[in-house]
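**Q** this one's structure only:
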């Protein structure tokens, strides 16, 4: 068997070597905690069978930690990396990472980040090693940006680092303070006027004709195969909290699945839909994310210059958006505060998506009696059961308490989450409008209010032996637990890391203290 130099290693071999390293570290992790991941085993079996024939005449390739030896088997590991800049998952494969780093979305995020950091002032892209992470490992793919030329040679030396558990508090030897960006944001502008302007812009974007053009393009491309197709835009652009740079989320109901269990779209349908949209010459920059809780097809609608996230599950996300839009109508102050806190989180580098922040604000409004609970909005309305019997219905009501005190409730929001709410012990429950102790959700020993009957009914039907902890059960032991208003087994903040939760709490404290000294907001 002959050895070959690194610059002679074929690209395919580099890809396999990269994935082998991923598996090697993942296997070590599983051995440490003495657990077996059934999905991982199935993937190993399938991939081993697929490439077994290629191993009869292999070449020895030496790397830092792995030797591919004669007659050994290569195992392909399917897992997701997470791009911290774009807040999106990327399949941990050479080509997928390269495709994402070169995508319009990532280039835009990289450019925004570079403009905000002096040391990156002249960079057009950010190294993949600085933006990709997942729950266990950070993948340092390369020390330089991925080249745009698809035919150029790309030498990749992947190194997987074990990420230690993030501390639950900031370093004790450093005095915690707001970063300069947040100080400038809070100090140098009238936040109430900013909230009003952003809220008005959000309402204009909500009503734009561009969304109609996107919907019609999708219908025209897919109606021949799916004659009953319906297209539902949702998300911040539709609720009134979006900006000109926001993605447009779209639920494509292919087969009258709005009220049914989540539609399991297969890879062939993904490919067909992508090809049909491409054929219109209006869609570019496709990226399939099939490993997420809800599979998504990302694409850019060039005709209107709008990035879109296409999903195919069911109508729950659409109902969530209608709920948020209704709350903005109920309390216009809510929309202004939501826009400001969203921008604040970006300046503070708080790593959580805007929907989590929105629900945190909803819950705060419930605590100060400016919003009713979801239960109160549902109890006198005929139910609309969606998916696994989750009620997506709510009724309109004239809420007696209307507030315009922007200063009081902006400070109140930060004060509540910085000083009063205990994320380590409590669940944010917008459905009931009250906090619930995490321990009350212990599987098989639930001690929940009777109003949580849909949750309890679901738990009685679930087969705990085969349940997937990530998709089938409520992740109540996470650092931050924010329960979806309608789908009660969904912790929308389960991806928030301990360090991010701590940063949010600490920055809430600091922001509350800072704003109390500012005369005009």
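**A** That came through fine. Just so it is clear, the model here is predicted, and its values are computed rather than measured.
**Q** beta partners for the closest residue to residue 302 other than its chain neighbours?
**A** Nearest non-adjacent residue to residue 302, counting by Cβ to Cβ, 6 or more residues apart in numbering: residue 284, 5.4 Å away. Yep, even glycine has a C-beta here, placed from its N, CA and C like the rest. Per DSSP bridges, the residues bridged to residue 284 are residue 300.
**Q** Could you do the one 4 residues further on as well?
**A** Each beta-bridge partner of residue 288 is listed here: residue 297, as defined by DSSP bridges.
**Q** What is the neighbour count of it?
**A** 19 (other Cβ atoms under 10 Å).
**Q** who touches it in this structure?
**A** Residue 288 makes contact with 267, 270, 274, 295, 296, 297, 298, according to Cβ atoms under 8 Å, 6 or more residues apart in numbering.
**Q** buried stuff in stretch 268-275?
**A** By neighbour count with 16 or more other Cβ atoms under 10 Å, stretch 268-275 contains the buried residues 269, 270, 273, 274.
**Q** Equivalent analysis for stretch 194-209, please.
**A** Neighbour-count burial for stretch 194-209 [16+ other Cβ under 10 Å]: 194, 195, 196, 198, 199, 202, 203, 205, 206.
**Q** need the contact list for the nearest residue to residue 514 once chain neighbours are set aside.
**A** Closest residue to residue 514 apart from its sequence neighbours, by Cβ to Cβ, 6+ apart: residue 186 at 5.6 Å. By Cβ under 8 Å, 6+ apart, the contact set of residue 186 is 178, 344, 511, 514, 515, 518.
**Q** so how many other residues sit close to the second one?
**A** When counting by other Cβ under 10 Å, one arrives at 21 neighbours for residue 344.
**Q** Report pLDDT for residue 131.
**A** Residue 131 is assigned a pLDDT of 44 by the prediction.
**Q** any idea which of the contacts of residue 288 has the most stuff around it?
**A** For the contacts of residue 288, the largest neighbour count, defined by other Cβ under 10 Å, is 24 neighbours, found at residue 297.
**Q** That one against residue 283, yeah?
**A** No. With contact defined as Cβ atoms under 8 Å, residue 297 does not count as touching residue 283 (9.9 Å).
**Q** Confirm residue 255 sits in a helix?
**A** No. Secondary structure of residue 255 (DSSP: H, G, I helix; E, B strand; the rest coil): coil, not part of a helix.
**Q** Would you mark the buried spots in stretch 506-521?
**A** Buried, per 16+ other Cβ under 10 Å, within stretch 506-521: 506, 507, 508, 509, 510, 511, 512, 514, 515, 521.
**Q** same question but for stretch 322-342, I mixed them up
**A** 322-325, 327-328, 330-342.
**Q** Check the separation of the first and last residues in it.
**A** In stretch 322-342, first residue to last residue: 19 Å (Cα to Cα, to the nearest Å).
**Q** tell me the mean pLDDT for it?
**A** 96.
**Q** Need the contact partners of it.
**A** 191-192, 194-196, 198-199, 202-203, 206, 238-241, 354, 357-358, 361-362, 365, 370-371, 374, 394, 396-397, 399, 402-406, 409-410, 413, 485-486.
**Q** Just the buried ones from the residues you listed?
**A** 191-192, 194-196, 198-199, 202-203, 206, 238-241, 354, 357-358, 361-362, 365, 370-371, 374, 394, 406, 409-410, 413, 485-486.
**Q** What about the residues you listed, which are in strands?
**A** When the buried ones among the contacts of stretch 322-342 are checked against strands (DSSP state E), there are no matches.
**Q** Tell me how many other residues crowd residue 188.
**A** 7.
**Q** Next, the contact list for it, please.
**A** Counting by Cβ under 8 Å, 6+ apart, residue 188 has no contacts.
**Q** gap between it and residue 347?
**A** 12 Å (Cβ to Cβ, to the nearest Å).
**Q** For residue 103, state which of the buried residues of stretch 194-209 is nearest.
**A** For these, the closest approach to residue 103 (Cβ to Cβ) belongs to residue 205, at 23.0 Å.
**Q** Quick check: that closest one touching residue 241?
**A** No. Assessed by Cβ under 8 Å, residue 205 is found out of contact with residue 241, at 9.3 Å.
**Q** so residue 90 is in which element?
**A** strand 88-91 (DSSP states H and E).
**Q** now the helices for the stretch 151-300 of the chain?
**A** 180-187, 191-206, 210-222, 236-239, 267-279 (DSSP state H, counting those that start in this stretch).
**Q** Ok, which of these comes nearest residue 459?
**A** Closest approach to residue 459 among these is made by helix 236-239 (30.2 Å; Cβ to Cβ).
**Q** Tell me which other helices or strands the closest one touches.
**A** Packing contacts for helix 236-239, counted by 3 or more Cβ pairs under 8 Å, 6 or more residues apart in numbering; DSSP states H and E, involve helix 191-206, strand 248-253, helix 316-330.
**Q** contact partners of that helix?
**A** By Cβ under 8 Å, 6+ apart, helix 236-239 touches 202, 205-206, 211, 242-243, 246-249, 321, 324-325, 328, 354-355.
**Q** change it to 6 Å
**A** 205, 242, 246, 248, 321, 324, 325 (Cβ atoms under 6 Å, 6 or more residues apart in numbering).
**Q** Turn those residues into a markdown table, including distance to residue 433.
**A** Below are the contacts of helix 236-239 laid out as a markdown table (distance: Cβ to Cβ, whole Å):
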| residue | distance to residue 433 |
| --- | --- |
| 205 | 29 |
| 242 | 26 |
| 246 | 28 |
| 248 | 30 |
| 321 | 20 |
| 324 | 15 |
| 325 | 19 |
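**Q** Name the member of those residues with the shortest distance to residue 468.
**A** residue 321 (26.0 Å).
**Q** what's near enough to touch the closest one?
**A** Counted by Cβ under 6 Å, 6+ apart, residue 321 has contacts 234, 238, 239.
**Q** hmm, try it at 7 Å
**A** 234, 235, 238, 239 (Cβ atoms under 7 Å, 6 or more residues apart in numbering).
**Q** could I get those residues as TSV with distance to residue 492?
**A** As requested, these are arranged in TSV below (distance: Cβ to Cβ, whole Å):
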residue	distance to residue 492
234	14
235	13
238	17
239	15
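**Q** Residue 457: which of the residues you listed is nearest?
**A** Using Cβ to Cβ, these come closest to residue 457 at residue 234, 26.2 Å.
**Q** Surely that closest one touches residue 249?
**A** Yes. Using Cβ atoms under 7 Å, residue 234 is in contact with residue 249, at 5.0 Å.
**Q** Name the residues contacting each of those two.
**A** What both residue 234 and residue 249 touch, as defined by Cβ under 7 Å, 6+ apart, is the set residue 317.
**Q** Mark out where each domain of the protein begins and ends.
**A** With domains defined by the TED database, the chain comprises 204-316, 332-517.
**Q** start to end distance for the longest one?
**A** Across domain 332-517, the terminal residues are separated by 26 Å (Cα to Cα).
**Q** picking up where we left off before, wait, which of the buried residues of stretch 506-521 is closest to residue 480?
**A** Comparing the buried residues of stretch 506-521 against residue 480 with Cβ to Cβ places residue 508 closest, at 12.3 Å.
**Q** any idea of the mean pLDDT in the host helix or strand of that closest one?
**A** If you go by DSSP H and E, residue 508 is part of helix 498-516. Average pLDDT, helix 498-516: 96.
**Q** Report all helices and strands that that helix contacts.
**A** helix 180-187, helix 406-415 (3 or more Cβ pairs under 7 Å, 6 or more residues apart in numbering; DSSP states H and E).
**Q** Just want the angle from it to helix 180-187.
**A** 40 degrees (axes from the mean of the first three to the mean of the last three Cα atoms, to 10 degrees).
**Q** Tell me what angle helix 498-516 forms with helix 406-415.
**A** Between the axes of helix 498-516 and helix 406-415, defined by the same axes, to 10 degrees, the angle is 150 degrees.
**Q** Make a markdown table out of the buried residues of stretch 268-275 and add pLDDT and distance to residue 474.
**A** Shown next, in a markdown table, are those (pLDDT from 0 to 100; distance: Cβ to Cβ, whole Å):
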| residue | pLDDT | distance to residue 474 |
| --- | --- | --- |
| 269 | 91 | 29 |
| 270 | 90 | 28 |
| 273 | 96 | 31 |
| 274 | 95 | 33 |
